[in-house]
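Trainee: Based on what follows, work out the 3D shape:
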Amino acid sequence: MSGFHDVRFPLRLALGVSGGPVRRTEIVNLSNGREQRNSRWRNSRRSYDAGSGIKSVADLYEVLAFFEARGGQLYGFRFRDPVDWKSCGPLQAVAATDQVIGAGDGVRTTFQLVKTYADAGGGFERVIARPVAGSVVVAVDGVALVDGWAVDVATGVLTFAVAPAAGRVVTAGYEFDVAVRFDIDRIDVNLSCFDAGRIPTIPLTEILA
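Mentor: Next up is the predicted model:
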């Protein structure tokens, strides 16, 4: 991904963040009173606001420094979603069997990390492109592998030294960040007192690979 710095927005500065997935749905009202719905986006896109909360002057300066280092909207960076940042639920422990990412055929050696959101009515498979280094665990047919594989933390592509045998189910567990950029080219600092203040809004938007 061009225009990206592989650094994370400081977690302590993101306390009180709001946001989540955004979709674009086109709704057409028909003459008979019914409606037709079409999805304008194939995938959802995350949007956040990390500006809420009173911060110390030191924290405000750290936000300003991070913003300047990214050139405003110019360079993307990593951001941890406040709720959805694991291959499992936020209160569960990551396991090597969390997500099915493919099946072996005896030839294929690369598999993209994905996360599936599904219930009885439908599902959505999300590409995970920014796993956290050191957090990925892998299993084949439920057996955890301690070596024989590597993952690219810039793309989320898992590569095996030896292709999994045909029919073997490949699963993975991981923590991950969202690739985002600032959605403004201006930071407004509001000092509420001598040693504290706030930045009312810090909008962030996801960069899709």
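
Trainee: Now the residue located most distally from the centre of the chain: which helix or strand?
Mentor: Ranked by distance from the centre of the chain (CA atoms, centre = their mean), the top residue is residue 32, with 41.3 Å. Counting by DSSP states H and E, there is no helix or strand that carries residue 32.

Trainee: any idea which helix or strand comes after the helix or strand of the chain with the lowest mean pLDDT?
Mentor: Using mean pLDDT, DSSP states H and E, the weakest-scoring helix or strand in the chain turns out to be strand 190-193, at a mean of 77. Remark: after strand 190-193, the chain's next helix or strand is strand 196-198, criterion DSSP H and E.

Trainee: can you list the residues that contact that following strand?
Mentor: 51, 52, 53, 54, 55, 56, 57, 60, 189, 190, 191, 192 (CB atoms under 8 Å, 6 or more residues apart in numbering). Where you see a C-beta, it was placed from the backbone N, CA and C, and this is true even at glycine.

Trainee: For those, I'd like a selection string for ChimeraX - just the buried members, please.
Mentor: Remark: buried members of the contacts of strand 196-198, expressed as a ChimeraX selection using 16 or more other CB atoms under 10 Å:
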select :51,52,55,60
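
Trainee: Adding distance to residue 199, write the contacts of strand 196-198 out as TSV.
Mentor: Output for those, formatted as TSV (distance: CB to CB, whole Å):
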residue	distance to residue 199
51	5
52	9
53	9
54	10
55	7
56	12
57	12
60	7
189	6
190	7
191	10
192	11
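
Trainee: Find the pair from the contacts of strand 196-198 with maximum spatial separation.
Mentor: Pairwise distances across the contacts of strand 196-198 peak at 17.3 Å for 52 and 57 (criterion: CB to CB).
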